[in-house]
Every structure is written in C-alpha cells, then in structure tokens.
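A.B. asks: Fold the following and give me the result.
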Amino acid sequence: ATPADWVPVVEYPQGITVDDLEGAVPGAPGEVRVLYRSANETEWRTTDWAPVESARDYTVQIPLGDLLSDSEYALRVEARPEGSNTVSAAIDGQLRTAPDADEPARVVFGSVTGQDYINRDSPDGYKIYPAMLERDLDFFVHTGDVLYYDSWAKDMDLARWGWSQMYSLPTNYEFQRQIPTYFMKDDHDVWLNDAWPSRISSFMGDFTFAQGQQIFLEQVPIAGDTPYRTFRWGQDLQIWLTEARDYRDPNTDPDGPDKTMWGEEQKRWFMETVQASDATFRIAINPTPMTGPYTDPIEMDNHTNMAGFAYEGRELREFIARQSNMGVIAGDRHFQYVIEDPETGILEFATGPASNEHARGWSN
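C.D. replies: Residues are numbered from 1 along each chain as shown. Just a heads-up that it's a prediction; the model follows:
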C-alpha cells in the first residue's frame, strides 16, 4: 500500500552512502566516445569525446547518424578520466540497423514489461535475456516498469542507484550490449503506482514526478524531441511507441471526450503517421492495455476501464480497427495474453513480465 500521506525517512548506517549499496556503480568526471564500423569496414570511425558529469549521473547520449541500413555494426565505447589522454576503460558491443522502407526483410523482435529487482529468477538476473539472445533479435522493446521506484526511490540519488543496480546485472548488461533497444516508461519507472504529472503524494519523499522524467531521459537512449516515436523496419513492419504518462490527465477526473491519457498532440501525430504508412504490418506498442482484460472495478489507469479513460480508449480502438493489418502490444500486465476486442476485432498481445516471480493473474 502507498498512502499518499505517508512521509518516508531515508537513513543509512553509519559510514554508508548510496555508493555503497548493492549494485551501485559510482561515476566520476571524464569523457567518453564511440567507435563503430560495419562488417565490411576495417577502420573504426569515431565520435568526438563527450564529457560526463554528475548533473546527469555521469551519463551521455551520443547519436550515430551516418549508419548504413540493414547492416551489422561493431561498437566500442571508450572512457578516459577528466584531463587525461589515456583510455581507462572500454566496452565492446554490436547492433543491427533497420532495412530501408522499400526492402522486404524478415524482422524478429522481442518485448517485455515489468522487471523488479527483488523478483530476479537467476543469480545473474533474469533468464529471459539469455533466452532472447538465442533468438537473434533485430531489436527489443521494453514497454515500461523497467524498475520499481515505489518503495525505495525517495530522492534522486536512490532513483539513479536503482538504474545502476538493474543494469549491473550480468544478464541485462550482456543483452543490452548486443541488442538495439527501444525503452518506454510507465508508472513505476517514472514515479509511483498509477502516477500522473499533477498527482500529489508525500509517499515518494523528496523525489518528484518531474525528476523521474528527467532521470529516465538520462538513463535510456531516446532520440528526438518527444517520448512518442515511430520506426520503420523494412517494407513490412512499422511500430509506434506511445507515451502514456507525460500528458495524462488525472486518473480521478470524470471520463469523457476531454479526458486524455495521450494528449491531443500525440493522438493527432499517431493517427496521421499511421494513415501515412504503407508498411504491410503496423503495430502500436503502448505501456498499458488498450483492450484488456481488466475487471478490477476501482482500476482507472488504462484505456480498458469504464472508470478510467474509456472514451479515449474507444476512440483509439475504433481508429486502429479501420486500419489494415494493425494490432497492439501492451505492457503493464503481469501475465501474458492475446485477446480479440469483441467490439472492433483488433488483436492485443500482452508481453508479460521479465520473470515468473513477477507474474500474477488467473490460476487457471
């Protein structure tokens, strides 16, 4: 339970700081750069050195804008201390770029929702990541709840520590080193359960919704000016990654035509870009369900509940149903399902969580 009037107190044992907690990866001022080359190149191309500083938790995003389509790339990230010309650390990785929009191609991708550190199912992290590596994925989509702030992230230092802890796990580190990933966010990895921007709660201590938005953009790669995005993978596939927290009206507002989870600008962008697409298959990926099933009578956090955002949900489902070969992938649910909406006929696939330990649902 998370009563809004609880006021947490953060205390460390004497001599202990956040940098001493399990999974902590303390940063230091310095510079990093990326070296990259395609499979048919022998010489590395390199970016300029970029500074990393405490204000961004020693993170930096370096875009690579001149990559060939449908190509394998080797990557190397190098680091050096502030004021030094000597490389002190390096990490190797790889990626596969998307085929051009007029190129037929077989595309395989994976997706998952919530992963809670306490619900790991392997000494090294999560069994699902090495299993997905065996599938030779083109890309991966994390639909949100990448971690769960609610019970422990009571200030920015602890929130940032949670990301270090999660991605110091060997299974997560090894997977992300090799598979291009699109990250989305939901309630637990921006603030707390069922969060919206104007929600008031003392339960999160000194940590605010706006700080959660800031930290998410520090910790994961998101190109462009908006958190909602669309990507084309060859002639036959286009995906839409929608944002369900940043523009949300309060869950508790009465439902109706003026209540929105996505915001009017995002809805207009979604409909225009979907209608402009000539991809054979189009998939909307949303952090929360758009169809169901969800029968909790007091739930108001998604598009499937009569007490929540039902009006906008019907609007979006009816639009998707008018498109050819378009379906939905949903996050948030702690169980996997495939459901056909009885009113519109659209199919929704729920990814399920990162481990059985984090699963819940029906017993039969």
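A.B. asks: So what does the closest residue to Thr59 other than its chain neighbours have for phi and psi?
C.D. replies: Leaving aside its chain neighbours, Thr59 sits nearest to Glu218 (4.9 Å; criterion: C-beta to C-beta, 6 or more residues apart in numbering). All C-beta atoms are positioned from the backbone trio N, CA, C, and that covers glycine. Here the main-chain torsion angles of Glu218 (degrees, to the nearest 10) amount to phi -70, psi -40.
A.B. asks: List the buried residues in stretch 197-209.
C.D. replies: Under the neighbour-count criterion of 16 or more other C-beta atoms under 10 Å, stretch 197-209 has Pro197, Arg199, Ser201, Phe203, Met204, Gly205, Phe207, Phe209 buried.
A.B. asks: wait, stretch 334-352
C.D. replies: His334, Tyr337, Ile339, Asp341, Thr344, Ile346, Glu348, Phe349, Ala350, Thr351, Gly352.
A.B. asks: which residue ranges form the helices in the stretch 51-200 of the chain?
C.D. replies: Ranges of helices within the stretch 51-200 of the chain are 128-133, 156-167, 170-176, based on DSSP state H, counting those that start in this stretch.
A.B. asks: and these, which is most packed in?
C.D. replies: Of all the helices of the stretch 51-200 of the chain, helix 156-167 has the most neighbours on average by mean count of other C-beta atoms under 10 Å, namely a mean of 20.
A.B. asks: Show me the contact partners of it.
C.D. replies: Defining contact as C-beta atoms under 8 Å, 6 or more residues apart in numbering, one finds that helix 156-167 is touched by 10, 18, 21-25, 57, 115, 117, 146-147, 149, 152-153, 172-173, 176, 206-207, 211-212, 215, 218-219.
A.B. asks: Among those residues, which lie within strands?
C.D. replies: Residues of the contacts of helix 156-167 located in strands (DSSP state E): none.
A.B. asks: tell me the pLDDT at the nearest residue to Asp189 once chain neighbours are set aside?
C.D. replies: The shortest distance from Asp189 to any non-neighbouring residue, by C-beta to C-beta, 6+ apart, is to Val146 (4.6 Å). With respect to pLDDT, Val146 has a value of 98.
A.B. asks: What spatial separation is found between Val146 and Val60?
C.D. replies: In this structure, Val146 and Val60 are 19 Å apart, going by C-beta to C-beta, to the nearest Å.
A.B. asks: Looking only at neighbour counts, state which of those two leads.
C.D. replies: Val146 (27 against 14; other C-beta atoms under 10 Å).
A.B. asks: Which residues are in contact with that one?
C.D. replies: Gln115, Met166, Phe183, Lys185, Asp189, Val220.
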